[in-house]
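Enquirer: output the structure for:
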Amino acid sequence: MQSVPVALLSVCLGLLMIPVSGAQQAAAADPQAAPAALPEIVVEGHHQGPRLWRVRRGDHVLWILGTVSPLPRKMIWQPDAVREVLKESQEVVPAWPTYGIGANPITALRLYVQWRRMQKPPDHMPLREAVPPQLYARVEALEARYGPRDKTLEQLRPMLAAEHLLTKVLDSAGLTARNEVQQTVLQLARAQGVRVRQDKLRIEDPVEVLKDVGATPLSGEVACLDAVVTRLETDLGPMQARARAWALGDVATLRDLPHTDNRTACVAAVSTSERVRTIIQRAEEDWLVAVQDSLARNRGTLGVQSMDRLLGERGALAALKARGYEVEGP
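Expert: The predicted structure follows:
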């Protein structure tokens, strides 16, 4: 029972970190326009992904593997470069910490109950009554194209409807948001006897965190759903281009395609909660702390992180360079 609430909380917090591309922020979709059909992305066969960044201080080296999300669902990844780096590494740092809520079974039960309550729409309104008619028409257009037999959306609150719709459309486009690249890296590390630094983000009051998320104003939830719908209307092509560029190791294209380091509308929706803001901030900052600590202690470290958080003037690579590390990129 204890592992179930942790997973549920991770899903909830993961929803708040849905990436929104710069293209989405700049473009306004026609609410009445049905999304154009996109062919399923085809990036099959064996691909290595991009080369690794190298961060140095003295004779200590941190290699960083950048990932993107989503990626092609059918992609077969050949991590030969990672295998070679692991031979010289003593530690691997994953992109995100795990979440810990303690071992109290009463807390676990309360968390599960609160999660069930949170899934229900505000005031038990069906989705068509909870959101503006124009937005609902856009949701219906996406649902008709990508999940015509799925009746789940109507019973979900807008934030969770956003996550459900995103998953459906990505699946139809041949994409997946699952970080299978990191899972491969961790499996290789364990097979080669390299320790994995899996820090745990301790959540002291998980039930109150879910209550805070559940108390998100309806206007914020509507904004979250609108942002995700706009992304699906305007950004499927760039998403597929990013996935293809990553699979082919085309870092130049990845740099040119829009990336964002801004908080999404879904994060903004719950930003009135200090608890949730603190958890997200800690999760983002802990990786930078972890890789610097590992770099100081080990001759070789391998880190995994998303391109969105690595690139840009406010990205992790710029932060490491500003702190005096030598950063070499592909």
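
Enquirer: need the helix or strand of this protein with the lowest average pLDDT.
Expert: helix 22-26 (a mean of 35; mean pLDDT, DSSP states H and E).

Enquirer: my guess is Gln305 is in a strand, correct?
Expert: Yes: Gln305: assigned to a strand according to DSSP: H, G, I helix; E, B strand; the rest coil.

Enquirer: show me where the stretch 1-150 of the chain has strands.
Expert: Under the criterion DSSP state E, counting those that start in this stretch, the stretch 1-150 of the chain contains strands at 46-47, 53-57, 60-67, 71-72, 76-77, 91-93, 98-100.

Enquirer: would you reformat those strands as a markdown table and include mean pLDDT and distance to Ala269?
Expert: Yep, even glycine has a C-beta here, placed from its N, CA and C like the rest. What follows is the strands of the stretch 1-150 of the chain, written out as a markdown table (pLDDT from 0 to 100; distance: least, CB to CB, whole Å):
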| stretch | mean pLDDT | distance to Ala269 |
| --- | --- | --- |
| strand 46-47 | 56 | 36 |
| strand 53-57 | 95 | 33 |
| strand 60-67 | 94 | 26 |
| strand 71-72 | 80 | 26 |
| strand 76-77 | 70 | 34 |
| strand 91-93 | 96 | 30 |
| strand 98-100 | 69 | 20 |
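
Enquirer: so which of those comes closest to Gly214?
Expert: strand 98-100 (17.4 Å; CB to CB).

Enquirer: next, His164: secondary structure please.
Expert: helix.

Enquirer: what sits against it?
Expert: 152-153, 156 (CB atoms under 8 Å, 6 or more residues apart in numbering).

Enquirer: which residues touch Arg116?
Expert: Taking CB under 8 Å, 6+ apart as the test, Arg116 contacts no residue whatsoever.

Enquirer: now do it against Leu210, distance only.
Expert: 10 Å (CB to CB, to the nearest Å).

Enquirer: cool, and Pro148?
Expert: Distance, Pro148 to Leu210, using CB to CB: 32 Å.

Enquirer: please apply the same query to Arg57.
Expert: 41 Å.

Enquirer: who has more neighbours out of those two?
Expert: Leu210 (26 against 15; other CB atoms under 10 Å).
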